[in-house]
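[1] take this sequence and fold it.
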Amino acid sequence: MNFPPYINTPVMFDPKTGLADSQPPLERHYSDMKNMYLDEEARQKLEDNGNALLYHFYDFGVPEKEGDLAFGTSIVYPGKVGNEYHMTNGHFHTILDTAEIYLCQAGYGMMMMESPEGEVIFKEMRPGQSVYVPGRYAHRSINLSDTETLITFYVFRADAGHDYGSIKTKGFRKIVVENNGSWEVRDNPRWKA
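    From the prediction side, this is the model:
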């Protein structure tokens, strides 16, 4: 039987960086996050001043079929756009009622989860802590540290799929910002019903 490469050769993740040795990760820079942050002017300035990398994640090409599991690491670097912390785009699963598990390996962050009906859940993440994202919930990783990289390992049903479009179009109902040295949740004035 022909097995995919990750069956015959285990993927090695560097515990300090979260990076794998087998292939380059997918990258998201400031230019990939247009209209995702409340302060679009600040985001544009960061794009114009070097367009730094915000986060990485992996797609190892696991077949998108029932019974398989997709996995990888997500690596979100510290920083803010305006007073909003660095974060991932966030997504629903295309098969809405499919869950995902994240295990925090390094850093300090948060998982923001939102159901289509508008329930929003926040779970802080520190090394060794896991977060179970229930089916039907969009989810986004947020790095709450000014200095540490947030590294999480994730696993989900391989055929779950990703719906990024709903988040790009509507946004999340809430945003997480820095206020006097700690995080604070606010309503997102750009959220579209």
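[2] only C-alpha atoms for contact and neighbour calcs from this point on.
    Will do.
[3] C-terminal to the lowest-mean-pLDDT helix or strand in the chain, what's the next element?
    Least confident element among the helices and strands of the chain, by mean pLDDT, DSSP states H and E: helix 5-8 (a mean of 70). As assigned by DSSP states H and E, the chain's next helix or strand after helix 5-8 is strand 26-29.
[4] after that following strand comes which helix or strand?
    Note on strand 26-29: by DSSP H and E, the next helix or strand toward the C-terminus is helix 40-48.
[5] just checking, what packs against that following helix?
    Secondary-structure packing of helix 40-48 (3 or more Cα pairs under 8 Å, 6 or more residues apart in numbering; DSSP states H and E): strand 80-81.
[6] pLDDT (mean, whole number) over the strand it packs on?
    Averaging pLDDT along strand 80-81 gives 98.
[7] mind giving me the packing neighbours of the next helix or strand after that strand?
    Later in the chain than strand 80-81, the nearest helix or strand by DSSP H and E is strand 84-85. With contacts defined as 3+ Cα pairs under 8 Å, 6+ apart, strand 84-85 has these neighbours: strand 174-179.
[8] report the buried residues of the strand it packs on.
    Within strand 174-179, the residues that count as buried by 16 or more other Cα atoms under 10 Å are Lys174, Ile175, Val176, Val177.
[9] surely the last one and Glu84 touch.
    In this case it means Val177. Yes: in this structure Val177 lies within contact range of Glu84 using Cα atoms under 8 Å: 4.3 Å.
[10] ok, Asp68 to Val155 distance?
    10 Å (Cα to Cα, to the nearest Å).
[11] tell me the contacts of His29?
    By Cα atoms under 8 Å, 6 or more residues apart in numbering, the residues touching His29 are Glu47, Asn51, Ala52, Leu53, Leu54, Tyr55.
[12] pull out the buried positions in the host helix or strand of the fifth one.
    Secondary-structure element containing Leu54, defined by DSSP H and E: strand 53-57. Under the neighbour-count criterion of 16+ other Cα under 10 Å, strand 53-57 has Leu54, Tyr55, His56, Phe57 buried.
[13] give me the number of residues near Ile7?
    A total of 9 residues lie near Ile7 under the criterion other Cα atoms under 10 Å.
[14] if anything else comes up later, I'll come back, but that's it for now.
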